[in-house]
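Enquirer: quick one, fold the following:
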Amino acid sequence: MNKTLNKEQSSFIMEVCDEHFMLTRNKDTSLNYLWHMYTTNGGYRGHYKPFIIFAELCLNKTFGIVTDEDIEGMRKLLSSSDSENVYLAIEAIKFYRNKRIKEYGTYVNNKLPEQWETIRDTYSTDVLSVDGLNKYLKPQV
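Expert: Numbering: from 1, shown residues only. Alright, predicted model coming up:
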């Protein structure tokens, strides 16, 4: 993927990082520190890494917003050398995120429904796991 993001895309990436940072706070210190590095206070603020997008897609998958096929389609678009495909993929991911937020809210301060606690409990296996990253980020042969 083209690692040069426009201002709107960078802002979207930072929103994702902030939410995932809050989601892992006081639950999984290793993942929380990883997300901290990409938030406002972290040293990698504004830098894009593929795991950020795929963590967001996997979070949406846990809510039933996207399927494995949707994630695979996004992976193909994001690995394209065509910047228009990358733009379309990010717009689609923003659409999925907005749909999730509209239906389920966003994780802020432990003030959301019980199902967010369940997701927090399974975050390292269902949202950002090594197996999941390998599945979605390894080049398909």
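
Enquirer: could you list the low-pLDDT ranges of the protein?
Expert: For the chain, applying pLDDT under 70 flags the ranges 1-4, 108-113, 136-141.

Enquirer: longest helix anywhere in it?
Expert: Identified as the longest helix of the chain according to DSSP state H is helix 83-104.

Enquirer: and the next element down the chain from that helix?
Expert: Per DSSP states H and E, the first helix or strand lying C-terminal to helix 83-104 is helix 114-121.

Enquirer: next, the buried residues of that following helix.
Expert: Buried residues in helix 114-121, defined by neighbour count with 16 or more other C-beta atoms under 10 Å: 116, 119, 120. C-beta coordinates here come from the backbone N, C-alpha and C atoms, glycine included.

Enquirer: show me the contacts for the first one.
Expert: What it means is residue 116. Taking C-beta atoms under 8 Å, 6 or more residues apart in numbering, we find residue 116 in contact with 23, 104, 105, 107.

Enquirer: the second one reaches residue 119, doesn't it?
Expert: Going back to what we said before, that points to residue 104. No: here residue 104 lies out of contact with residue 119, judged by C-beta atoms under 8 Å, at a distance of 9.5 Å.

Enquirer: tally of neighbours for the residue nearest to residue 17 when sequence neighbours are not counted?
Expert: Of all residues not flanking residue 17 in the chain, residue 38 sits nearest, at 4.2 Å (C-beta to C-beta, 6 or more residues apart in numbering). The local packing of residue 38 (other C-beta atoms under 10 Å) involves 24 other residues.
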